[in-house]
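Undergrad: I would like to see how this sequence folds:
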Amino acid sequence: MQTRHRGISVLHSLLAEESEPSATGTSERKGRNPALIQTRNTNLLYRFYYKSKVERKLYPDSVSELVKEFHLSAVMIQKIIQAKTDELMLIKKEQPSVKSLKEKYPHMVW
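TA: A predicted model of the protein is given here:
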């Protein structure tokens, strides 16, 4: 019976050590940076506008090309487009030229 109690006490000491760092109050935010996600989504909307309006590609073709460019699933790209329809309408109203897109996003091939 003594070995059983020794195992339990080791287990309790291990659990107690794991909970100590969280008790200090220095918790880090885990996950992706919201500002970077917003930048990516805006970039994606401009690319979608370019593919659908400037290159005149159909919706499924535009989405499939964005899947390759942004390494996201087609469903995720469609969710982003649906969630950001207001922003997309502003881009459509703005009607950016290829020259302005090249200036705004010089790292992309327009």
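Undergrad: element containing the spatially most central residue of the chain, please.
TA: By C-alpha atoms, centre = their mean, the chain has its centre lying nearest to residue 37, at 4.3 Å. Following DSSP states H and E, one finds residue 37 within helix 34-49.
Undergrad: and if you look at residue 86?
TA: Going by DSSP H and E, residue 86 is part of helix 85-94.
Undergrad: pLDDT of that helix, averaged?
TA: On average, the pLDDT along helix 85-94 is 96.
Undergrad: what's it packed up against?
TA: helix 34-49 (3 or more C-beta pairs under 8 Å, 6 or more residues apart in numbering; DSSP states H and E). All C-beta spots, glycine's among them, are computed from the backbone N, C-alpha and C.
Undergrad: what comes into contact with the helix it packs on?
TA: 62-63, 66, 69-70, 77, 80-81, 84, 87-88, 91-92, 96, 101, 104-105, 108 (C-beta atoms under 8 Å, 6 or more residues apart in numbering).
Undergrad: can you select the buried ones from those in PyMOL?
TA: PyMOL command restricting the contacts of helix 34-49 to the buried ones, with burial defined by 16 or more other C-beta atoms under 10 Å:
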select buried, resi 62+63+66+70+77+80+81+84+87+88+91+96+101
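Undergrad: now, the contacts of helix 34-49 that are in helices?
TA: 62-63, 66, 69-70, 77, 80-81, 87-88, 91-92, 101, 104 (DSSP state H).
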